[in-house]
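**Q** sequence first, then the predicted structure, then my questions.
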Amino acid sequence: MSSRIRRPGSAPGAPDGSRRRRLPMRLLLPVLVLVALMAMLMLRGYVHSEILADHRIQAEASTDKVPEKILDGGPVIDTRTGRATSLKMPDRRLVLTFDDGPDPTWTPKVLDVLKKHHAHAVFFVTGTMASRYPDLVERMVDEGHEVGLHTFNHPDLSFQSKKRIDWELSQNQLALAGAAGIRTSLFRPPYSSFADAMDNKSWPVTEYIGTRGYITVVNNTDSEDWQKPGVRKIISNATPKPGKGAIVLMHDSGGDRHQTVQALDTFLPDMQDKGYEFDNLTEALDAPSAHTAVAGPELWKGRAWIFLVQASEHITDVLVVGLAIIGSLVIGRFVLMLLLSGVHARRVRRRDFRWGEPVTEPVSVLVPAYNEAKCIENTVRSLMASEHPIEVLVIDDGSSDGTARIVEAMGLPNVRVVRQLNAGKPAALNRGLANARHDIIVMMDGDTVFEPSTVRELVQPFGDPRVGAVAGNAKVGNRDSLIGAWQHIEYVMGFNLDRRMYDILRCMPTIPGAVGAFRRSALERVGGMSDDTLAEDTDITMAMHRDGWRVVYAEKARAWTEAPESVQQLWSQRYRWSYGTMQAIWKHRRALVDRGPSGRFGRVGLPLVSLFMVVAPLLAPLIDVFLLYGVVFGPTEKTIVAWLGVLAIQLVCAAYAFRLDRERMTHLISLPLQQILYRQLMYVVLLQSWITALTGGRLRWQKLRRTGVVEAPGGPVPRQRAGSESDERRPVG
């Protein structure tokens, strides 16, 4: 007998001994949240008759199969024993019945009038309304009224199968159990009338209802209050023949019932003065109560149902509030971006605009690199084409792919390699800062290339002594793929319009790691780059603001960066950005109560960053959730028009951003698809970041895989022989 050998680490039960793939937690938690949210919306749609509702009404049919004693009998029909019997009301006994409730507005008023005149009644409730307003059902029972079933969704049962009928009854009973802890044996079919209106379509349903243990109650006096004929007419319609008993049909839901309430307040005392009694059904028939108390699992199932329905109602209310908030934030942000970015563009593009005296002094360019073998040569060669005097320091952060050797082998002037053990990007930048020779420090990523004019344009704002840092214009270099095109739209529209806006508001939150510049003195005053967060670029920018420095945006300082080309890589990058931004906001939270420049940034910058970069993106999925809900459950046309309106606003902003950046508009063709697919990914990433932050999780740096597809503009710089290296290019240990 052979034995099966399982490889170490393999999952039990895997036929080939391989490890079973589990859904990553970063996917599982957002998926669970989304599923729960959609389940709540589906439940709400169900209890609001937006799902599984059937509004068909059967036309009149012949009556030859209905027993004569039923057609000529009373309004109470009992087929429980298999034999059809009917009962009439005793003389001077009136049973008021109210259909379609409970209603949060009119049912309490009806109950108040009944209580005022010491009258009882029967309320035939629908399961949908009973589930939504259980406290009113409980009040009915507590005040001595009887409750009957009126189905769950109010369909015409003559169209329904026995399975659907059973479902309508059981769901209605479940709602009663949860609301008042009872079951009832009374039933009134929707769209029913007098007993003589029973026909060959409705009679089989009545017979089947009896086999399920229910007494069918129709009426023999119709107030016709649903037509709102006036108080006097309702009273006249509800008054039976002198001295006779009756079951009177009224409504406490389905619209404005103020005439019904006013008519009751007159009808009850008038008829009581004439010797009439207003009882519930079993009181009028001197029969046992139609209510049976429930306990055990049935009671708990009912309570669980009511809890879930109430939760779905409250969640929807919260979602509506959230939608209003996100709508205001989105529109407010778009308005601010359009207005302030235009102001910024007009200001910096004036012919006489100058930051100050032209900056011509050499600068130090720091290139932190970890395993950038595929990109580093393009990066360095692009710097060699710079129109501004520079020195280049490539800080190799413990690369294992020969990044440092590639740079050394290039043999380029003014390029030095600084080696260190792997310690992270902030440590690499601080190491470069310690080795830099000049007072202006430019920082870029190892996967980025500069245009010849980039450094020159980037450092000109330092002609203003108040400027401590400058953000450049980062662009996506690999925009040919669909994901790249979507990120291109995001960079141009989301990032660069934002930076123009924040520049005017003097609270720019982030200097992009791909292209940014700093005064050495400003960096040293705030302690250099910090590894307290995963977004060291956001952290240092906020520190600059708090120290009183201006942070500005240089639109002409363009840098071309390699954006992630796979969903996994994009996820990793944005997860780190989102989580790091939250960390930076939390780290600098004391700015909210500080004085001076720090307080100004804390009370202007931090709220804006929190609203526009954290809260708004987190709530933005509500737009898509309600879009899906509205398309499926209605109103479909209004929902689609509203979504197209939001898309049109975004398209206007995107087109304006592309015009400011002088980009081709053809990439905007993919904007609608970006809003449907790409945006959802960003939502889930942000949600995961929130979950990580709230659960106290820690996120590590994750290296993105590079392809080196972004080449240096202007062509390659000719290689030089290694033997001509000067001391200036010698690696620093």
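**A** Perfect, I can see it now.
**Q** other SSEs contacting the lengthiest strand in the chain?
**A** Longest strand in the chain by number of residues (criterion: DSSP state E): strand 550-561. Contact partners of strand 550-561 among helices and strands, from 3 or more Cβ pairs under 8 Å, 6 or more residues apart in numbering; DSSP states H and E: helix 297-348, strand 448-450, helix 454-459, strand 467-476, helix 497-505, helix 536-546. In this view, the C-beta of every residue, glycine as well, is placed from N, C-alpha and C.
**Q** can you do 7 Å?
**A** The contact analysis (3 or more Cβ pairs under 7 Å, 6 or more residues apart in numbering; DSSP states H and E) places strand 550-561 against strand 448-450, helix 454-459, strand 467-476, helix 497-505, helix 536-546.
**Q** adding mean pLDDT, mean neighbour count and distance to L157 as columns, could you present the ones you listed in TSV?
**A** Rendered in TSV, the data for the helices and strands packed on strand 550-561 read as follows (pLDDT from 0 to 100; neighbours: other Cβ atoms under 10 Å; distance: least, Cβ to Cβ, whole Å):
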stretch	mean pLDDT	mean neighbour count	distance to L157
strand 448-450	94	28	70
helix 454-459	96	26	75
strand 467-476	94	26	61
helix 497-505	90	23	58
helix 536-546	95	26	62
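**Q** if we can go back for a sec, contacts for the longest strand of the chain, please.
**A** The contact list for strand 550-561 (Cβ atoms under 7 Å, 6 or more residues apart in numbering) reads 348, 444-445, 447-451, 453-454, 457-458, 460-461, 466-477, 499-500, 503, 506, 508, 511, 514-515, 541, 544-545, 710.
**Q** same thing but 6 Å
**A** In this structure, residues lying in contact with strand 550-561 by Cβ atoms under 6 Å, 6 or more residues apart in numbering are 448-451, 454, 457-458, 461, 466-467, 469-475, 477, 499, 503, 508, 514-515, 541, 544, 710.
**Q** now stretch 102-109
**A** Identification of contacts with stretch 102-109 by Cβ under 6 Å, 6+ apart yields G101, V125, M129, Y133, L136, D252, S253, R257, V261.
**Q** list the buried residues of it.
**A** By neighbour count with 16 or more other Cβ atoms under 10 Å, stretch 102-109 contains the buried residues P102, D103, W106, T107, P108, K109.
**Q** ok, now stretch 414-429?
**A** By neighbour count with 16+ other Cβ under 10 Å, stretch 414-429 contains the buried residues 414-420, 424-429.
**Q** and the two most separated of those residues?
**A** Across these, the longest distance by Cβ to Cβ is 26.1 Å; it joins N414 and G424.
**Q** P512: which element?
**A** Using DSSP states H and E, P512 maps to neither a helix nor a strand.
**Q** phi and psi next, for it.
**A** Reported as degrees, to the nearest 10, the phi and psi values for P512 are phi -60, psi 140.
**Q** quick check, L186 in contact with G148.
**A** Yes. The pair formed by L186 and G148 meets the contact definition of Cβ atoms under 6 Å, at 3.3 Å.
**Q** which one's more surrounded, those two?
**A** For L186 and G148, the more surrounded residue by other Cβ atoms under 10 Å is G148, and the numbers stand at 26 against 23.
**Q** can I assume that one sits in a strand?
**A** Yes. Secondary structure of G148, determined by DSSP: H, G, I helix; E, B strand; the rest coil: located in a strand.
**Q** list the contacts of it.
**A** When contacts are counted by Cβ under 6 Å, 6+ apart, G148 is found next to V122, F124, T184, L186, F187, R188.
**Q** look up how far F194 lies from the second one.
**A** When you say that, I think you mean F124. Here the criterion is Cβ to Cβ, to the nearest Å. By it, F124 lies 16 Å from F194.
**Q** then the third one?
**A** Counting by Cβ to Cβ, the gap between T184 and F194 amounts to 22 Å.
**Q** more crowded one of the two?
**A** Higher neighbour count among T184 and F194: T184, with 23 against 16, using other Cβ under 10 Å.
**Q** what bridges to that one?
**A** In this structure, T184 bridges to H291 when assessed by DSSP bridges.
**Q** I'd guessed it sits against A290; true?
**A** Yes. The pair T184 and A290 passes the contact test of Cβ under 6 Å, sitting 5.2 Å apart.
**Q** look up how far I390 lies from the residue nearest to V363 when sequence neighbours are not counted.
**A** In space, not counting the residues next to it along the chain, V363 is nearest to I440; the distance is 4.2 Å by Cβ to Cβ, 6 or more residues apart in numbering. I440 is 10 Å from I390, where distance means Cβ to Cβ.
**Q** please enumerate the shared neighbours of the two.
**A** V363.
**Q** and the longest strand of the chain, what's its mean pLDDT?
**A** In this model, strand 550-561 has a mean pLDDT of 94.
**Q** and the next element down the chain from that strand?
**A** Proceeding C-terminally, strand 550-561 gives way to helix 567-587 as the next helix or strand, assigned by DSSP H and E.
**Q** where do the strands of the stretch 101-250 of the chain begin and end?
**A** Taking DSSP state E, counting those that start in this stretch, the strands of the stretch 101-250 of the chain run over residues 121-125, 146-149, 182-184, 186-187, 215-217, 221-222, 246-251.
**Q** and the fifth one, what does it pack against?
**A** Here strand 215-217 touches strand 76-78, strand 186-187, going by 3 or more Cβ pairs under 6 Å, 6 or more residues apart in numbering; DSSP states H and E.
**Q** what strand or helix carries L393?
**A** strand 390-397.
**Q** who does that strand pair up with?
**A** Here strand 390-397 has these sheet partners by DSSP bridges: strand 363-369 (parallel), strand 415-420 (parallel).
**Q** CA atoms of it as CSV?
**A** Extracted as CSV, the C-alpha positions of strand 390-397 are listed here (Å, rounded to 0.1, in the frame of the first residue of the first chain):
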residue,chain,number,x,y,z
ILE,A,390,24.4,70.0,-12.0
GLU,A,391,26.2,67.3,-10.1
VAL,A,392,24.5,63.9,-10.0
LEU,A,393,24.6,61.6,-6.9
VAL,A,394,23.2,58.2,-7.5
ILE,A,395,22.7,56.7,-4.0
ASP,A,396,22.7,52.9,-4.4
ASP,A,397,20.5,51.6,-1.5
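**Q** name the residues that touch that strand?
**A** 363-370, 383, 403-404, 407, 414-419, 422, 428, 431-432, 435, 455.
**Q** cool, and stretch 637-653?
**A** Counting by Cβ under 6 Å, 6+ apart, stretch 637-653 makes contact with F334, L627, G630, V631, all of which sit outside it.
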